[in-house]
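Chemist: sequence below, structure please.
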Amino acid sequence: MTRNMKRMGWAAASTAVALTASGLLAPAAFAGEDPSLAPTSGPAFDATAQQLLANDDVQAVTKDTQGRVVVYTTEAEGEAKTFADSKSNVVVKHIDSPFSPKAETDVVAGAGYFSADPSAPTAAGGLCSIGFTGFTPTGDPAVITAGHCNDDGAFTASLLTEPTGDPAGGGAANNDDVSFRAPLGTLGFSQYGGPGNSAGTVGDKASVDIAAIDVTNTALNLKPEITNWSTAASGDLSLSTIAVTSVGKVQAGQVSKSGRTTGYTTGTVLELEGWAKVGDREVYGFPVESTEVMVLEGDSGGAVFQGNTAVGVVSGGDDAGTLLWAADLQAGLERTGGYTVAVEIAAPALITPANGGEIGVGGTISGTAPAGTTVEIKPASGAAFDALTDAAGNWSFAAPDKLGTYAFSVTAKSGFSRSPSVDATVEVKAAPPVITSPGNGSIVIDQLNEFTGTGLPGATVTLTAETVDDSAPGDDARVKVAPAAVAANGSAVVRADGTWSIPVDLGIGAYTVSATQARDGQVSAAAVIYFTIAPPAPTIDGIQDGATYSGAAVPTSVSGTGVNGAEIVVVVNQSEVARTTVQNGTWSVVLPTVLGEGAYELGAVQTVQGVSNGTYLNFTVVAAAAPAPSGTPAPAGNGGGLAVTGMGGDVAPLAWGALALLLGGIGALGFRSLRRAKS
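Modeler: Residues are numbered from 1 along each chain as shown. Below is the predicted model:
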């Protein structure tokens, strides 16, 4: 019903014309107060632009918001640059080619085309509409249209028509104004009705109306967009379009159509699928109803869509043009052997780090893209690779291990459709190396012989160490360790497995150590740790942790071993009671008071180079067992043992009471015994 067959002579398309001018740039003096500035307004600016555009290399002259004249030229070192050098407010921008009218090369859905048999003496052909731009099974450009537009495969060649000659663009309704713009391509696939262009079968979704034209004109730029025909008078249908972002099944509600005869129209879908007799064939699809004319001859093959989703191609319509039958797009594409519809994909975005930002080697470079797409990362040098998006559209990849500027482009793709590319650069920096031993804030006993850690394979790790005196103010607290204490100049190359080690000879003290790593001409920031090398804890001899003492066994002195020259402070119940120095590896102090009943914590703290370590233990003092009073009979069953000695019976009770009073007067202080060393 919508096919328009008409006899026409086969004509070649018009060719693109580059918009250039000829003539030499003639430098001139411009009126104004400052001869070093080019005019940016009024007749003086117009004269400047005219003179500049007289040069073949100058393609455009504009003015920006900063009061500058901007010249676009295809010759970076031409006369335009000479002129710019003489004016402080002239900017020259280099472009690779002259401007050309894009209306002649941009192809969008809904545009008209003519198909015919080029071998026939007089080409009998059909005027139809492009449904959607797309791809061949191998990714070459193609357009999707209706199968009945090519007379069961007889019309193998096609031409684009001029929009202004199509009825939707103001041309005659009888197509007398039809003219051709450019070659389009050759028929790649066609099916009208059932397989093999048979009549088709009701109930069989393989009864379709679909065709694909392989675009052979390499000058054409196919866009995943549908024209609304509002800019047909300009000859450029691509100036006002609806983007195609997906292909899907029709839903109940409003549906739009674009074709060369009635242009952009809208109707309503109430029934979602069925079969209709279109001409002499059965076609699977759905009806679109409207109260106005929305489809006439020549609209066949045109785009049927909902929002940004492609759902069908125009197959037929009633005589009034208010009822359209759309062939189901997905069912038709399934019959083509791999032809697909081009969709517009939003450009991906770089999130972390921001463009121009910094990232560590192996760090995560991430961004977003439309969900379900694949993101292609193409480095400025090296092979491209892909990153998949998750359900939320997030993508990521690891930063390279080469330090310096990493330039790359990011493109989202789905099938053969590709988004605009986003160019980006990040600075890949070496992260500080990791010092794994000793740990930050740790205590090492006696000495340290080696630093170990991880870093970038092949990088050189360099250490510097400073002793820290917490009692000194500011910078005076830090003194660099002599180079001899850090062997091999304090540096090492990170091994292939990412580990490194540096031998050192550090003694007792508090230290701050920093480590950097350098590779590819870059030096990382420093990793800094603080740790302490403490003397070994002194020993406490003669007193057992957890023991109980009484009488003559109660300790009156404390002794042990330690580091020669170290100061030993003895504390009882957290109070200092004595102080001495280790000599010949030993130390000893006399307790200044007699220890009465109670629990005690006794500690010996050894200090070397301002760093302390101590040993603590706990013991208990109890009262000694009282002797039996004089004259008291020996307990029965002593077997006539040892003779009883002591004072007479008259004084025994008093003496015993005095002893008890004395012991009670000493008091009882509770402490525990031997504890682990601490600093």
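Chemist: so which strand or helix has Leu52?
Modeler: helix 42-53 (DSSP states H and E).
Chemist: and that helix, what does it pack onto?
Modeler: If you count contacts as 3 or more CB pairs under 8 Å, 6 or more residues apart in numbering; DSSP states H and E, helix 42-53 packs onto strand 58-63, strand 69-73. C-betas here are computed from N, CA, C, even on glycine.
Chemist: point out the other helices and strands that the shortest one packs with.
Modeler: Contact analysis of strand 69-73 by 3+ CB pairs under 8 Å, 6+ apart lists helix 42-53, strand 58-63, helix 79-85, strand 90-94 as its packing neighbours.
Chemist: roughly how far is the shortest one from the heart of the chain?
Modeler: To tie it back to what came earlier, the one meant is strand 90-94. Distance, stretch centre to chain centre, for strand 90-94: 35 Å (CA atoms, centre = their mean, to the nearest Å).
Chemist: ok, Gly134 - contacts?
Modeler: Contact analysis of Gly134 by CB atoms under 8 Å, 6 or more residues apart in numbering lists 141-144, 212, 222, 339-342.
Chemist: mind doing that once more with 6 Å?
Modeler: 142, 144, 340-342 (CB atoms under 6 Å, 6 or more residues apart in numbering).
Chemist: going by residue numbers, what spans are helices in the protein?
Modeler: Per DSSP state H, the chain carries helices over the ranges 42-53, 79-85, 329-334, 652-666.
Chemist: now the first one: buried residues?
Modeler: Read it as helix 42-53. By neighbour count on 16 or more other CB atoms under 10 Å, the buried set for helix 42-53 is 45, 48-49, 51-53.
Chemist: quick check, nearest of those residues to Val311?
Modeler: Nearest to Val311 among these is Leu53, at 47.6 Å by CB to CB.
Chemist: beta-bridge partners for the closest residue to Leu222 other than its chain neighbours, please?
Modeler: The spatially closest residue to Leu222, leaving aside those adjacent along the chain, is Thr133, at 4.0 Å (CB to CB, 6 or more residues apart in numbering). Judged by DSSP bridges, the bridge partners of Thr133 are Val143.
Chemist: and Thr133, how far from Asp541?
Modeler: Separation of Thr133 from Asp541 (CB to CB, to the nearest Å): 95 Å.
Chemist: more neighbours, those two?
Modeler: Thr133 (27 against 13; other CB atoms under 10 Å).
Chemist: okay, the more buried one: pLDDT?
Modeler: Thr133 is assigned a predicted lDDT (pLDDT) of 97.
Chemist: isn't it right up against Ala342?
Modeler: Yes: assessed by CB atoms under 6 Å, Thr133 is found in contact with Ala342 at 4.6 Å.
Chemist: mind listing the shared neighbours of those two?
Modeler: Joint contacts of Thr133 and Ala342 (CB under 6 Å, 6+ apart) are Pro224.
Chemist: per-residue confidence at the closest residue to Phe135 other than its chain neighbours?
Modeler: Once flanking residues are discounted, Phe135 sits nearest to Phe416: 4.1 Å by CB to CB, 6+ apart. pLDDT for Phe416: 94.
Chemist: what does Gly507 give?
Modeler: On pLDDT, Gly507 comes in at 88.
Chemist: Val569 too?
Modeler: Reported pLDDT for Val569: 96.
Chemist: ok, what's across the strand from it?
Modeler: When assigned by DSSP bridges, Val569 has beta-bridge partners Arg579, Val605.
Chemist: let me see the residues that make contact with stretch 392-400.
Modeler: 359, 362-371, 375, 377, 387, 389, 406, 428.
Chemist: looking at the residues you listed, which are in strands?
Modeler: 359, 364-368, 375, 377, 387, 406, 428 (DSSP state E).
Chemist: need the buried ones from those residues selected in PyMOL.
Modeler: Here is the PyMOL selection string for the buried members of those, based on 16+ other CB under 10 Å:
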select buried, resi 359+365+366+367+368+375+377+387+406+428
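Chemist: what's the most distant pair in the ones in strands among the contacts of stretch 392-400?
Modeler: Comparing every pair within the ones in strands among the contacts of stretch 392-400 by CB to CB identifies Thr368 and Val428 as the most remote, at 21.5 Å.
Chemist: mean pLDDT lowest where, among the helices and strands packed on helix 42-53?
Modeler: strand 58-63 (a mean of 76).
Chemist: Ala116 pairs with what?
Modeler: Residues in beta-bridge contact with Ala116 (DSSP bridges): Gly125, Ala157.
Chemist: over to Thr186?
Modeler: Under the criterion used (DSSP bridges), Thr186 bridges to Ala157, Asp214.
Chemist: against Ala116, how distant is it?
Modeler: Going from Thr186 to Ala116 by CB to CB gives 11 Å.
Chemist: looking at the two, which has the bigger crowd around it?
Modeler: Ala116 (24 against 14).
Chemist: out of the buried residues of helix 42-53, which comes closest to Val71?
Modeler: Leu52 (5.8 Å).
Chemist: is it correct that the closest one is in contact with Thr62?
Modeler: No: Leu52 is not in contact with Thr62 according to CB under 6 Å; the separation is 10.6 Å.
Chemist: count of neighbours near Ala349?
Modeler: Neighbour count of Ala349, defined by other CB under 10 Å: 16.
Chemist: hang on, isn't it packed against Thr368?
Modeler: Yes: if you go by CB under 6 Å, Ala349 and Thr368 touch, sitting 5.1 Å apart.
Chemist: overlap of the contact sets of the two?
Modeler: Between them, Ala349 and Thr368 share no contacting residue, judged by CB under 6 Å, 6+ apart.
Chemist: I appreciate the help and will end here.
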